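Asker: with the input below, show me the fold.
(chains A and B)
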Amino acid sequence: MTTFFAILFYLAFAILVVGLAYKIYDFARTPAPLSIPTTPAPTTTTGVAFRMAREVVLFESLFKGNLWIWLFGWMFHMGLFLVLIRHLRYFVSDVPAWLVFIQPFGKYAAFMMVAGLGGLWARRFLVERIRYITTPSDHLWLALLIGIGITGAGMTFVSHVDVVAVKIFFLGLMRFDIQPLPEHPALYIHLILVALLMILFPFSKLLHAPGVFFSPTRNQADTPREKRHLAPWAAQIEKS
Amino acid sequence: MADLEFQIPKYREYPEVPALQPGAMAHSRPHVASEKIQEALGFQGKLDDDWQATHDKAIAKFGELLGKYRSLKVFMDACVHCGSCTDKCHYFIGTSDPKNMPVARQELMRSVYRRYFTLAGKLFPGLVGAKDLTRELLDEWYSYFWQCSECRRCSVFCPYGIDTAEVTMAARHILDTVGYGQKYSNEIIGKVFKIGNNLGLPGPALEDTLQGLEEDVKEDTGVDVKYPLDAQGAEVLLVTPSADFFAEPHIESLIGYGKVFHAAGISWTFSSYASEAGNFGLFDGSYETMRKVALRIRQAALELGVKRIVVGECGHAWRVAYAFWNTLNGIGAGANDPFAIELQKQLDPRYPQPSHICEFTWDLIQQGRLKFDKEANDHRVITFHDSCNVARASRMGGYPGGQFDIPRNIIKAVANNFVEMAPETIREVTFCCGGGGGILTDELIEARVKGAFPRMEALQQVVEKHGVNFMATICAICKAQFTKVLPYYGFNMRLVGGVHQLVSTAIRLGNEH
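Answerer: I've put the predicted structure just below:
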């Protein structure tokens, strides 16, 4: 099993990194030929950075759009964020003080995350409009994420796993020195689901994470009269 | 309205979201452009007889656009089906057709994107909602992408800023490419290419109209207000939607523009070559079309030697002028290439180029160069309808949101009775009139009437509460659309008018300044 998980995680990591890098490169190389910020929009780069920060941290547009989706979506993402930070301890030999400090928050954030996901999933059944636009993969993503959350929280609060051994396994992976992974069904499920998420990330709607930073309606400053905005392919037209 | 074939939505006591009625608007289709119309724009004349050929061309064009437009590429990938946009579109609110929910409209295109351009869609189409492009699906594109007015309201509420307008433009561009163009928009673009304006008014007709106008204004006011055409060396070139030259109530604002120039003592001119501010190239997002239309204004400006370019009351025209002209034809600032510099060194850098007529007028008001008899507008109780493309795709003045304040400031400077409609229907979140973006054609009247519903509902409230009898707006399409649909909701068609119509009523033309 140890070998299986070692290979799985090397593979998942490679696909996640290469896949995401390619998608980010693809977004970045595609020109935005026209100035299309959704106005009123900031007129300075600093202003754009603040707008983007509000979008990414507070989900500003979603807040304007729908309070329920915002509430559940924000709970899930912030919960996930704290949980991810907490998991850093499995990848560093000496846990710094701030990471120790974050530990309890990270532990209980799992509940916030799962509750948020539950709310989002409920909406996919209960609200007619959202039911209409939901695809099977939307359900599967929620199932996957809830699965990760419940198995993870389960190991923290119900059936403990030898976390020191888990840490040694992952530190080993990072040094190409495979160490035994503890035998624990919840751990196996948890890790398989996480690997699956990593593998599917670059091919799925999870691309909204890098995508938002490249969204021209959000990342452009509103300066079309002050600056000439010309894509390379558009400049070619001018020469002909 | 006895022969009405559809029901007008009923005003709601509470703003409930309508229950879905799948297929409610599936029958809505604009007339298809003829071969002649298509070919004048450089598009294929008609659909190939062989579906496979159409299919391949559509997918090839889709791929090309994905490589040229980051907006399209990111918007195809980023949607998570969260549902924030689902109740934001005026066409959805008015028709209850789920495919008029922005996400579902995008999904018509995204399903094809997934099938042909993503691994997941190639391997597991059913799982991720990927679909082969079929003739039926292309027909659905034609139906539903012509029920979007590219108003960008959905983009305000999307956590990733996905703008359905960009998706609609791409879909329409693909439809055009395969010979499935829309008659209304493409016929009009052809007229601009050939004659210079959307209405196909040739120079002499324009001259006649303007002369008649001068006589009317003289009779009305006793003052010789000039409406010059092709006046070499004028300070300002005014480019306005051609509807302003003859349509009601548009012409009332055009009269107002002339009075502002007269009162301020600034020389100005129209151009017979560039007699159209509207740029229907925006509606299918065709960069080449949009550029070709915009280049006429560049040429007119160079030939007439003007120092300033001002744009009349028009929504999408102002979007193209404000946000795209610098890119397309070099009217703007900050260029370092010979093409743009040629024009930019001629234009007066002390003013924003181009300027909106409202920026121009408001600037004069602030300088104290215009005087008004506000009581002349006392018979009016006025509200203001923010036009979608002005609100969400452009700006006026020096700060974000100036596009909301400046027209209102002008109204308050020329009239005493002004009230706002409900806050959730104005400014950034304003509702489209229902006729923008290439929808303003008779055969789409059902979509137009139903799409106007949210605005009519908000208007009804201020009519009841405050006795509003004038809805001012700064868009030629809004004016034409409301004139047509107001009666369906029991309002007088004359309830709509321009901001410069109000200016026209109150402005002093004598020698006070």
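Asker: what about the helices in chain A?
Answerer: A:2-29, A:45-53, A:60-65, A:67-87, A:97-126, A:128-133, A:136-157, A:163-174, A:185-200, A:208-214, A:216-219, A:232-239 (DSSP state H).
Asker: deepest of the ones you listed, which one?
Answerer: With neighbours taken as mean count of other Cβ atoms under 10 Å in any protein chain shown, those reach their highest mean count in helix A:216-219, at a mean of 24. Where C-beta positions appear, they are placed from N, C-alpha and C, glycine not excepted.
Asker: check which helices and strands that one sits against.
Answerer: Under the contact criterion of 3 or more Cβ pairs under 8 Å, 6 or more residues apart in numbering or on different chains; DSSP states H and E, helix A:216-219 touches helix A:45-53, helix B:70-78.
Asker: one more time with 10 Å
Answerer: With contacts defined as 3 or more Cβ pairs under 10 Å, 6 or more residues apart in numbering or on different chains; DSSP states H and E, helix A:216-219 has these neighbours: helix A:45-53, helix A:60-65, helix A:208-214, helix B:70-78, helix B:153-157, helix B:164-177.
Asker: got a markdown table for these, with distance to B:Y273 too?
Answerer: Formatted as a markdown table, the helices and strands packed on helix A:216-219 follow (distance: least, Cβ to Cβ, whole Å):
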| stretch | distance to B:Y273 |
| --- | --- |
| helix A:45-53 | 38 |
| helix A:60-65 | 42 |
| helix A:208-214 | 40 |
| helix B:70-78 | 32 |
| helix B:153-157 | 35 |
| helix B:164-177 | 26 |
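Asker: any chance of the ones you listed in CSV, plus mean pLDDT and distance to B:S272?
Answerer: Listed next are those as CSV, based on pLDDT from 0 to 100; distance: least, Cβ to Cβ, whole Å:
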stretch, mean pLDDT, distance to B:S272
helix A:45-53, 98, 41
helix A:60-65, 98, 44
helix A:208-214, 97, 43
helix B:70-78, 97, 36
helix B:153-157, 98, 36
helix B:164-177, 98, 28
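Asker: so which bits of the stretch 351-500 of chain B are right by chain A?
Answerer: Within the stretch 351-500 of chain B, the positions near chain A by Cβ under 10 Å from any Cβ of the partner chain are B:352-355, B:389-395, B:398-404, B:427-429.
Asker: residue closest to the middle of chain B?
Answerer: The centroid of chain B falls nearest to B:H316 when counting by Cα atoms, centre = their mean (2.9 Å).
Asker: again with chain A
Answerer: A:A209 (5.7 Å).
Asker: that one and chain B, how far apart?
Answerer: According to Cβ to the nearest Cβ, to the nearest Å, A:A209 and chain B sit 9 Å apart.
Asker: that residue: what's it in contact with?
Answerer: A:L20, A:V56, A:H77, A:F201, B:A78, B:V80, B:Y160 (Cβ atoms under 10 Å, 6 or more residues apart in numbering or on different chains).
Asker: how about a cut-off of 8 Å?
Answerer: Shown in contact with A:A209 (Cβ atoms under 8 Å, 6 or more residues apart in numbering or on different chains): no residues.
Asker: what do you get for the one 4 residues further on?
Answerer: Contact analysis of A:F213 by Cβ under 8 Å, 6+ apart lists A:M52, A:V56, A:N219.
Asker: relative to B:L304, which of those residues is nearest.
Answerer: For the contacts of A:F213, the closest approach to B:L304 (Cβ to Cβ) belongs to A:N219, at 37.8 Å.
Asker: give me the pLDDT value at residue 41.
Answerer: You didn't pick a chain, so chain A it is. You'll see A:A41 listed with a pLDDT of 98.
Asker: I was after chain B.
Answerer: For B:L41, the predicted pLDDT is 95.
Asker: ok, it touching B:I188?
Answerer: No - applying Cβ atoms under 8 Å, one finds B:L41 not in contact with B:I188, separated by 10.4 Å.
Asker: higher neighbour count, the two?
Answerer: B:I188 (24 against 21; other Cβ atoms under 10 Å in any protein chain shown).
Asker: show me the contacts for the nearest residue to that one once chain neighbours are set aside.
Answerer: Of all residues not flanking B:I188 in the chain, B:N198 sits nearest, at 4.8 Å (Cβ to Cβ, 6 or more residues apart in numbering or on different chains). Going by Cβ under 8 Å, 6+ apart, B:N198 touches B:I188, B:K191, B:V192, B:P241, B:S242, B:A243, B:E276, B:G278, B:F280.
Asker: ok, now which ones touch B:R114?
Answerer: B:R114 makes contact with B:A120, B:G121, B:P125, B:V128, B:G129, B:A130, B:K131, according to Cβ under 8 Å, 6+ apart.
Asker: whichever helix or strand it is part of to helix B:164-177, inter-axis angle?
Answerer: Per DSSP states H and E, B:R114 falls inside helix B:102-117. Between helix B:102-117 and helix B:164-177, the angle comes out at 50 degrees (axes from the mean of the first three to the mean of the last three Cα atoms, to 10 degrees).
Asker: chain center to helix B:102-117, what's the gap?
Answerer: Distance of helix B:102-117 from the chain centroid (Cα atoms, centre = their mean, to the nearest Å) equals 25 Å.
Asker: in the following helix or strand past it, what's buried?
Answerer: Proceeding N to C from helix B:102-117, the next assigned helix or strand is helix B:119-123, under DSSP H and E. Using 16 or more other Cβ atoms under 10 Å in any protein chain shown as the test for burial, helix B:119-123 gives B:A120, B:G121.
Asker: give the helix, strand or coil label for the residue nearest to B:I188.
Answerer: The three-state label for B:N198, taken from DSSP: H, G, I helix; E, B strand; the rest coil, comes out as coil.
Asker: now do the helix or strand of chain A with the lowest mean pLDDT: which elements does it pack against?
Answerer: None of the helices or strands of chain A scores lower by mean pLDDT, DSSP states H and E than helix A:232-239, at a mean of 88. The contact analysis (3+ Cβ pairs under 8 Å, 6+ apart) places helix A:232-239 against helix B:287-304.
Asker: what's in contact with the helix it packs on?
Answerer: A:33-34, A:234, A:237, B:41-42, B:189, B:192-193, B:196, B:230-234, B:237, B:239, B:269, B:271, B:273-274, B:276, B:279-282, B:309, B:320, B:324-325, B:328-331, B:342-343, B:346-347.
Asker: off-centre distance for it?
Answerer: 18 Å.
Asker: got it, and stretch B:465-484?
Answerer: With Cα atoms, centre = their mean, you get 15 Å for stretch B:465-484.
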